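Colleague: quick check, what structure comes out for this input:
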Amino acid sequence: MSITDFQKLGVGLSSFGCFFLAFGVLLYFDSVLLAFGNILLLAGLTIIIGLRSTFSFFFQRSKLKGTSFFLGGVLIVLMRWPILGMMLEVYGFMSLFRAFLPVVSGLLGSLANIPFLSVLLHRLGGSKPSTV
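Modeller: Next up, the predicted model:
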């Protein structure tokens, strides 16, 4: 699978969006950083997968509730109510990606089988790894 230069730009925008969202949360829900992060993240996602695919994903009949909460949260953040907006966004995100969350948890569970990471995770957890 090849990635075009346009899609690389989308990955960069999405990365900066995630950075600004995380930085906005770390700075006690700074509404300007959160709004900028939301705009960059949505623009990057649209550039990566395309306008038609983005609309078809977000506006499926089964995902309208999650989409309305997510985009409503973005709108609330843009109106400078960051805590309420982020709560709505998180609920909408969880509703949108509900079917994908078991895959993510399975992936995170398989990280314990990687030799270096299993030792690191056990040290962070405070227990010793079992030697086989």
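Colleague: name the element S68 belongs to?
Modeller: Secondary structure from DSSP states H and E places S68 in helix 64-78.
Colleague: what comes up buried for that helix?
Modeller: Buried residues in helix 64-78, counting neighbours by 16 or more other CB atoms under 10 Å, are found at 66-67, 69-74, 76-78. Quick note: C-beta positions are derived from backbone N, CA and C, even for glycine.
Colleague: residues in contact with that helix?
Modeller: Applying CB atoms under 8 Å, 6 or more residues apart in numbering, the contact partners of helix 64-78 are 31, 34-35, 38, 42, 58-59, 84-96, 98.
Colleague: and stretch 45-60, by the same measure?
Modeller: Against stretch 45-60 from outside (CB under 8 Å, 6+ apart): 6-7, 9-11, 13-14, 63, 67, 70-71, 96.
Colleague: most neighbours, which of those residues?
Modeller: When neighbours are counted by other CB atoms under 10 Å, F70 leads the contacts of stretch 45-60 with 24 neighbours.
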